[in-house]
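Engineer: Here's a sequence, model it:
(3 chains)
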Amino acid sequence: MKSPVITLLTDFGTSDPFVGVMKGVMLSICPQARLVDLSHEVPPQSVTAGAYLLKTSIDYFPKGTVHLAVVDPGVGSSRKAVALKSKGHFFVGPDNGLFPAALKHWGMEQVVELTEKKYRLPNPSATFHGRDIFAPAAAHLAGGVPLARLGTKQNNWIWREIPKAFKGVQGWTGQVLWVDHFGNLITNLEARHLPKAFRLKIGKAVILNLATHYAQAKKGTVMALVGSSGNLEISVNGGNAAQKLGAGIGATVTLA
Amino acid sequence: MKSPVITLLTDFGTSDPFVGVMKGVMLSICPQARLVDLSHEVPPQSVTAGAYLLKTSIDYFPKGTVHLAVVDPGVGSSRKAVALKSKGHFFVGPDNGLFPAALKHWGMEQVVELTEKKYRLPNPSATFHGRDIFAPAAAHLAGGVPLARLGTKQNNWIWREIPKAFKGVQGWTGQVLWVDHFGNLITNLEARHLPKAFRLKIGKAVILNLATHYAQAKKGTVMALVGSSGNLEISVNGGNAAQKLGAGIGATVTLA
Amino acid sequence: MKSPVITLLTDFGTSDPFVGVMKGVMLSICPQARLVDLSHEVPPQSVTAGAYLLKTSIDYFPKGTVHLAVVDPGVGSSRKAVALKSKGHFFVGPDNGLFPAALKHWGMEQVVELTEKKYRLPNPSATFHGRDIFAPAAAHLAGGVPLARLGTKQNNWIWREIPKAFKGVQGWTGQVLWVDHFGNLITNLEARHLPKAFRLKIGKAVILNLATHYAQAKKGTVMALVGSSGNLEISVNGGNAAQKLGAGIGATVTLA
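Structural biologist: From the prediction side, this is the model:
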C-alpha cells in the first residue's frame, strides 16, 4: 500500500487545534497519508524564516512527498493559492515567496493556481485557507490526483530569495537567518566564504577559529562551525549564543 | 485496511511523555490507528477551554473518529469515566462537561461509564486515567469493540455549556472564549448577532466595521471579523490583539 | 502489514525542523514505521532528565518498539553511537548514560557500536548525528535489519544511574528529579520508603499525610502522593507546586 508523506510547516503554533484540524481534513481525503510536522513555530507571518526552514528540510524526504507550508499574512487577499512540482516533490501554499529558496537548486517544473472547487472544502472561509484550500489540495496530490487537475497553470510565481551574504572590499557581510532551540545563530555565510585565516565578528565578539563540533571548544567559549545545514553557525559550547551575545535574527556578521 | 483516526486533546503539555505514553498504550491495542494531536496546551484544568476547542474541531474528521479528551481536574475522585457516541464519532474522557458543547448540535446517542476491567490497563493508577482507562478505551473503540461492551449504560451525563452571549436593552454582551496563537480574541458573539451598523466595544477599543480577512485593514488597526470557527474575532492586522488591548479569556465584549 | 513503532526523545525542541527531518529520514528507509514523540523538551543537554523520562515511558510500548533518544552534548566527539537490545525493544542513541536507567530492570542483551557505513546517511555531519546516524539506524532496526549488522559488538557501555535517595540516621534524603507540566515535583523517593507516620520536608513545607489523588486535598494545599510513575510526588491541588514552593530539579526532600 502506498503511504505518501505530507509535511506541515506553519506559523500556527500548537496551542490551537488549527494543525490538528488540517490533519483531519487530509486524513478524510487521503487516509493512508503519513503526516510529519516540520515546525509550527515559524515566527508569526515571517515568510523568510519559513522559506529558510523549508529549504533545509526537503532533501531528507522521499520522492512523492507533499510539502504543505502555510505562513500566510495575506490570507483572503489577492495573493494566489498555489501548488508546485519539483523533482518529484509537491509544494502547496500561498504564492508569497515561501517556496523559491527551497526550489532554487531543484528547479521548478510546474505551478498551478488552486482554482478548482471540487478539490477544496465547500464554502472556504476567508481566514483559514490552510484548512479549506491548502490541506485538501495537499491530500488530493498525496492521493494521486495530477497537479494539473487542481487548477490553472501559471507561468509566473513570486520569486523572493532569502537574504544573501555579499562581498565588499573588507570581506564578507552576512546576517543571522535563524536562531535554533539551543541558541545557535545560523548565518547566511557559507563554508566556501571562509579564507584560511579569518576574523569573524558579531557585535563585540571576534572568532578566529573554526571548530568541527560543539564539544570541541571549552565550555562557555563562543565558537564558529559549519552546521548541519551547511551554513556557518555561531555557538557556545554548553551555552546559548543568542543570549550570550544578545543577537537574534537579522544581526550583522562580518568575515574578514 | 481500516485506519481509524484517534484525536487527542489534553492539558498535559508536551514537555512530559504523558501524551507519548498514551499513544504507546493505544498503538499496543490498535496498531493501525492514526493519531492526531488537536492540542495539549489547554490551560491546566480548564474544562471550558477544552470544550470550546473540541467543538471547533470535530466537524473536520471522518466518521468513525475517536476523540480522546483529557482535561480532568477530578481524576481519581468520584467523577465518572465515560465514552459517548454521536453521529458516528466516539468521545472518550471524564464526565465533567468537556463534551456537551461539541455534541449540542450533533445530539447524543449513547453514553457508557467505563467500568469493564478488561478494557483498561491492569491496576489503574489514581492519577493518570488518561493512560490507564481513557487511552485503552479509545483504542478498543477504534479497533471495533462496540461501545456497549466498555461498561454500564448511563442515562445522565454532566451537561455544561460554554458561556453564551446574552441580549439586554443596550444590545449584546459577550465574552472572550479563547485567545489564539496570533493573539486573536475569539468571542462568543456570532455573525447573526451583528446589526448592519454596530458598535463593538472591548475595554477602551471601539470597532465600527467588519472586515472579511486579516490583510484588509491597515497594519496595526484593531478590527473585527467572522473567524474560521464562525465566531466574531477581534484582531490586529500584523499584530497581537490580546497584547495590544490587554485582554484575555473572559474579557467582556459588548455589541450595540 | 507490520507497523513497527519508533519513539523519539530529544532536547531539540519543536521550533526547528530537526525532529521532522529525522522523521523524513526514517520514513524514507522504513515507510511503514509509526512515529511517536515522547518529548522534545528535555532540558538542553540534560542526560539525566532524558534518562528519567525514557525510563518512565518504555513499559507502555509494544514489543519490537525502537526507542530513538538523542540528548547528546558530546556529538562529534569520541563518545560512541550505539544501539542496544533489551526485552524485545531496541534503543538507539549516544553512549552517554541515557539508557541505563531504562534498562536497569529489563537487563541488557546486546550493545553494538554504529560503525557500519551502509546504515548511515552518506557523509554524516559532525553536528547532527540524530539525522545522519541515529535516525537511519532506528529505521533499519524497525524495518527488520538485525542489530548485529549495524556495527561492532561492544562489551562495555556507559553505566550511569539516576541519583538515588539514601537512608541516614534521620531517615531518607532524596531529591526532585523532574518538574512536570502541572508543576508537580517528582522525587526519587518511592512508596516503599514511606513509614506509616512520616514527616516529608521540602524547603519550609512539611507534609504529614499521603493523598491518593489530586482532588482529595483542599484547593491550594501542598500534598504528597504516589504518582503514576511510582515515585513520590509533591503537588498542590488546583495549583503549581514548583511555583508555590520555589523548588525545581535537584531540590532536596527529606522523609523522617
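Engineer: On the pLDDT front, check A:Met1 for me.
Structural biologist: Note on A:Met1: pLDDT of 46.
Engineer: ignore the last one, A:Gln45
Structural biologist: Reported pLDDT for A:Gln45: 83.
Engineer: helix, strand or coil for it?
Structural biologist: coil (DSSP: H, G, I helix; E, B strand; the rest coil).
Engineer: Quickly note the distance from it to C:Lys63.
Structural biologist: 46 Å (Cβ to Cβ, to the nearest Å). C-beta coordinates here come from the backbone N, C-alpha and C atoms, glycine included.
Engineer: Same drill for the two, tell me which one is more crowded.
Structural biologist: Per other Cβ atoms under 10 Å in any protein chain shown, whichever of A:Gln45 and C:Lys63 has more neighbours is A:Gln45, with 20 against 9.
Engineer: for that one, phi and psi?
Structural biologist: The phi/psi pair for A:Gln45 (degrees, to the nearest 10) reads phi 70, psi 20.
Engineer: you'd agree it is up against A:Val70?
Structural biologist: No: contact status for A:Gln45 versus A:Val70: not in contact, 10.8 Å apart, counting by Cβ atoms under 8 Å.
Engineer: tell me, what's touching those two both at once?
Structural biologist: A:Asp11 (Cβ atoms under 8 Å, 6 or more residues apart in numbering or on different chains).
Engineer: In three-state terms, how would the residue of the stretch 151-256 of chain A found nearest chain B be classified?
Structural biologist: Closest to chain B within the stretch 151-256 of chain A is A:His181: 12.9 Å, counting by Cβ to the nearest Cβ. Secondary structure, three-state DSSP: A:His181 is coil.
Engineer: So it is in contact with C:Ser15, correct?
Structural biologist: Yes: in this structure, A:His181 is within contact of C:Ser15 by Cβ under 8 Å, at 5.6 Å.
Engineer: check contacts around A:His213.
Structural biologist: Applying Cβ under 8 Å, 6+ apart, the residues near A:His213 are A:Leu225, C:Val75, C:Gly76, C:Ser77, C:Ala126, C:Thr127.
Engineer: Which residue comes closest to it once chain neighbours are left out?
Structural biologist: Excluding the flanking residues, the one nearest A:His213 by Cβ to Cβ, 6 or more residues apart in numbering or on different chains is C:Gly76, at 2.5 Å.
Engineer: before we move on, which element is the one you found in?
Structural biologist: For C:Gly76, there is no helix or strand it lies in under DSSP states H and E.
Engineer: so what's the residue of the stretch 151-256 of chain A closest to chain B closest to, chain neighbours aside?
Structural biologist: C:Gly13 (3.2 Å).
Engineer: With A:Phe128 instead?
Structural biologist: Per Cβ to Cβ, 6+ apart, closest to A:Phe128 is B:Ser228, 3.5 Å.
Engineer: Could you report the pLDDT at that neighbour?
Structural biologist: 77.
Engineer: How about the one 5 residues further on?
Structural biologist: Note for B:Glu233: predicted pLDDT of 94.
Engineer: That one reaches B:Tyr214, doesn't it?
Structural biologist: No: B:Glu233 is beyond contact range of B:Tyr214, at 9.5 Å (criterion: Cβ under 8 Å).
Engineer: shared neighbours of those two, which are they?
Structural biologist: Common neighbours of B:Glu233 and B:Tyr214 (Cβ under 8 Å, 6+ apart) are A:Thr127, B:Leu225.
Engineer: got the end-to-end distance for stretch A:220-231?
Structural biologist: In stretch A:220-231, first residue to last residue: 21 Å (Cα to Cα, to the nearest Å).
Engineer: ok, now stretch A:142-156?
Structural biologist: Span of stretch A:142-156 from end to end, Cα to Cα: 24 Å.
Engineer: So which bits of it are buried?
Structural biologist: A:Ala142, A:Gly143, A:Val145, A:Leu147, A:Leu150, A:Gly151 (16 or more other Cβ atoms under 10 Å in any protein chain shown).
Engineer: residue contacts, the closest residue to the first one other than its chain neighbours?
Structural biologist: Ranked by Cβ to Cβ, 6+ apart and with sequence neighbours excluded, the top spatial neighbour of A:Ala142 is A:Pro4, at 4.0 Å. With contacts defined as Cβ under 8 Å, 6+ apart, the neighbours of A:Pro4 are A:Cys30, A:Gln32, A:Ala33, A:Arg34, A:Gly64, A:Thr65, A:Val66, A:Ala142, A:Gly143.
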